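**Q** no sequence on this one, just coordinates:
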């Protein structure tokens, strides 16, 4: 049992699993990368001046009417197909009615009981074990505007002086992918949640349907978690955690909720069905809107849009034209790159498959690409608590680095220093190498002098080597490397020593 | 010689094209008459004479310069205030939109502008088109030119009063459950509700999306057809817009006037004022409609009675579907982005500002329907109310389909009574709703229906409703033109020439 700084009591994770079984569920929103919005012709570029990408339709002005974006419908169906869903032959939009300033019409145009895609699944692997995640539905809707609460400490509406609304995001097509509850994951629940989102992200990326950038909100996750006593036939009350903005946060939010809910249940309490807010800095969740008074959205079929009836032949063609999906691609690459299943899974779950692919495409050998991303770069990401994808080094730069090593211009040790420079924003590998003077010494006078100084300075070692103990050569190599501050190439130094001590 | 403002739009158009008249002359004549008489009638919510005259002058200049112009160029027109007009105040008859100047034009407003028409102004209406007397306007009462103590019908009562009263040659209205046809009937105009989807709804402030249609209100069948042709046809901005060419409506109106109906089969709907269904219908109304049916027979039509039993359920179904959609359509009026905002004083939170804005911005009928619709869509009630009403809608459509297997058009009264006195139903919503009894079936089925004058009862106009299958709007115009021509010929003049105030005003002629 731990108590957080906010006074929240948490059960140790391993202990949670001695008494409770978790059930997770995920609702993922993907902003589609279409050129125009869902129901109007406005552009969708991220980061424009507030309210510059708006028109009467996405501002919900009186009299305006929606026209559905055909490209968005196609993307949604392709996502559904990639998830093995059944594609509806008849589907309708529905109005989800509620009041909030960021929904200009007073309702969100979404889908209710007639979604485009239903009943799919996604298999994810964690530690060599496959977990099947059932997909309940994939539907299409429009994004809301963005509220900016000005004043107050929290940046949330309570305590703010006033609020501004940016409608640039309002009406951007949004695909919602909802899983069925996922039982049976036990201690792996946090990792399964993360692996699911990772895999889904890879799929959407492979389909070219979205840039799926969690930090920009083009992929957003609501993570549902509940606990039930082991052996119980009923599932527990779930919480819905929002503001989960990275893969790491997906995992952490499940872990945190499991520990928190266990403490509540241990104390004889009741888990409230509520929306909780995830805090990136502390890895904790706090209560948001309570769902105790259930909102009635008064869904009804959107009368301003005609029903969708995707033609079967067209859907079949979309299915046939799907690109190679990540699972198939992984199997192929594992073979081509000579990776172990664990390495591949690790790369995939770190969302780094694309990085390795791009590194290989930029000229690195698969072995080198794997070495850098799984080795040094993974370690640095881990140390600084960021995702591999968030490191400020590009696959092309990693490839360049590996080529510099392969060509003998630098050695591994220098390469790591070059990498430091790249990550510190000093430029590309070549620039850093030159600027920092990190070039491998050739058989220069300086190196010859260092080799000879090493021989002169350690007569006892020289004696041993000459006496047949060739392994002792290592000590001499070490002293030369030290004298040259690592800039020499160890193999060259060794050869030079051998020439001098053993050739006679 | 009659006044300019007494001429049909078709005649005005002919004289404009022949340069016997200028658009400025016509526009000024209307503006003068509005100035003189609209104080008593109350048809307009907004008139901008200066802009209208500028526009008229521009059309005249273009014509003088020999530019090619369409048949509507230079003709004045009035729009119900439900149509969004760029830069021109648009309220939908509600306080909540007071002061709003839209940044865009409704498709139909844009088409009329492109056709060279001159916008005289925006006409009064029941708030958000909810009502049958225009008494639900948040701004003013509109009076029937036939008898200023009576209602002009509704919700397009400003448009009907303007056209009947000589304050506009023609106008656009909208019809959700009868809001073009009923005001046209009680003011002696021709009013047509087009097939659902055949006139764009883009820029029409929504009341009930699955029912709303814009349409013409005019003094003659031909004028109505010409105006309909100008606004109709596919609009890619409206997903429910039908991508099919309009039938030749004006041509049908001209041909219909010849009066040969020998190939026509007419069904008289028993449930709309027929035997056993006369409760609430005035005898005079039923008598005029019966005479009109005889007239059709006299022109060669084969007439039979048709039964559509589901029509009895139209009223309750309509008063679930329309309020349900309205409750959602009107959610955007919360004071955040346009119109009035109440209690934004730092002492009230967001929910309170929204609630107080709606409390003060909406009138009682609008609130009544929002509450009704919110209830009907609520979890646990949806199936019993909205769901059931949609099933009734299907039944009504089937009744029509069955009837149109045997007949070409269906006829009935437009509304059970002549214009009733102002104030007599405003406190009795159910009595008010009964005015829509005959118009609701075609609305629910999305079918075209026209109202054409068929005589007077107690000195007040009675309308004949002619309903046709989807996309067969041309039949409405053909038959209506036949009725109009026969009655005009028997009368020896146009229907509206009997209007007593007009006779008084134009007495010198």
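**A** Cool, the structure landed. For clarity, every value in this text was computed on a predicted model and none was experimentally measured.
**Q** what about residue A:130, neighbour count?
**A** Neighbour count of residue A:130, defined by other CB atoms under 10 Å in any protein chain shown: 8. Every residue, glycine included, has its C-beta placed from N, CA and C.
**Q** whoops, residue A:24 was the one
**A** The burial count for residue A:24: 25, using other CB under 10 Å.
**Q** repeat for residue A:396
**A** By other CB under 10 Å, the residues close to residue A:396 number 16.
**Q** got a pLDDT number for the residue lying closest to it once chain neighbours are set aside?
**A** Leaving aside its chain neighbours, residue A:396 sits nearest to residue A:362 (4.5 Å; criterion: CB to CB, 6 or more residues apart in numbering or on different chains). pLDDT recorded at residue A:362 is 89.
**Q** quick one, what contacts residue A:362?
**A** A:395, A:396, A:398, A:399, A:400 (CB atoms under 8 Å, 6 or more residues apart in numbering or on different chains).
**Q** For chain A, what's its nearest residue on the stretch 1-150 of chain B.
**A** Closest contact between the stretch 1-150 of chain B and chain A, by CB to the nearest CB, is at residue B:84 (4.0 Å).
**Q** Count residues in the vicinity of the residue lying closest to residue B:28 once chain neighbours are set aside, would you?
**A** Leaving aside its sequence neighbours, residue B:28 sits nearest to residue B:53 (CB to CB, 6+ apart; 6.7 Å). Neighbour count for residue B:53, taken as other CB under 10 Å: 16.
**Q** now the strands for the stretch 251-400 of chain B?
**A** Here the stretch 251-400 of chain B has its strands, by DSSP state E, counting those that start in this stretch, at B:265-269, B:302-306.
**Q** what's the average pLDDT for the helix or strand that contains residue A:380?
**A** Element membership of residue A:380 [criterion: DSSP states H and E] is helix A:378-384. In this model, helix A:378-384 has a mean pLDDT of 84.
**Q** And for stretch A:266-276?
**A** Stretch A:266-276 comes out at a mean pLDDT of 88.
**Q** Contacts only, for residue A:374.
**A** If you count contacts by CB under 8 Å, 6+ apart, residue A:374 has them with A:343, A:346, A:347.
**Q** For the second one, which non-adjacent residue is closest in space?
**A** Think residue A:346. Leaving aside its chain neighbours, residue A:346 sits nearest to residue A:374 (7.0 Å; criterion: CB to CB, 6+ apart).
**Q** which SS state does the one you found fall under?
**A** Classification of residue A:374 using DSSP: H, G, I helix; E, B strand; the rest coil returns helix.
**Q** Low-confidence ranges, the stretch 101-250 of chain B, go.
**A** In the predicted model, the stretch 101-250 of chain B carries no residue with pLDDT under 70.
**Q** on that earlier part again, just the contacts of residue A:374: which are in helices?
**A** Of the contacts of residue A:374, the ones assigned to helices by DSSP state H are A:343, A:346, A:347.
**Q** Those residues of the stretch 201-350 of chain B touching chain A, which are they?
**A** B:201-206, B:208-210, B:236-240, B:324-325, B:327-328, B:330-334, B:336-338, B:350 (CB under 8 Å from any CB of the partner chain).
**Q** swap that for the stretch 1-150 of chain B, sorry
**A** Applying CB under 8 Å from any CB, one finds that the stretch 1-150 of chain B approaches chain A through B:83, B:84, B:90, B:92, B:97, B:100, B:102, B:103, B:104, B:106.
**Q** got a list of what the fifth one touches?
**A** What it means is residue B:97. Neighbours of residue B:97 in contact, by CB under 8 Å, 6+ apart: A:62, B:90, B:91, B:333, B:338, B:339, B:340.
**Q** in the strand or helix carrying residue B:56, what's buried?
**A** Using DSSP H and E, residue B:56 falls within helix B:49-64. For helix B:49-64, a neighbour-count test (16 or more other CB atoms under 10 Å in any protein chain shown) marks B:49, B:52, B:53, B:55, B:56, B:57, B:59, B:60, B:62, B:63 as buried.
**Q** Over to stretch A:422-438?
**A** A:422, A:423, A:428, A:429, A:432, A:433, A:438.
**Q** Helices - which of these land there?
**A** Short answer: the buried residues of stretch A:422-438 in helices (DSSP H) are A:422, A:423, A:429, A:432, A:433.
**Q** Test my guess that the third one contacts residue A:396.
**A** No: in this structure residue A:429 lies outside contact range of residue A:396 using CB atoms under 8 Å: 9.6 Å.
**Q** Show me what residue A:27 bridges to in the sheet.
**A** residue A:178, residue A:222 (DSSP bridges).
**Q** and it, how many neighbours?
**A** Neighbours around residue A:27, by other CB under 10 Å: 17.
**Q** thinking it is in contact with residue A:224, fair?
**A** Yes: when contacts are counted by CB under 8 Å, residue A:27 is listed as touching residue A:224 (7.3 Å).
**Q** Quickly list what's touching both of these two.
**A** Both residue A:27 and residue A:224 are contacted by residue A:240, under the criterion CB under 8 Å, 6+ apart.
**Q** which one of the contacts of residue A:362 is nearest residue A:167?
**A** Of all these, residue A:167 sits closest to residue A:395, with 36.2 Å by CB to CB.
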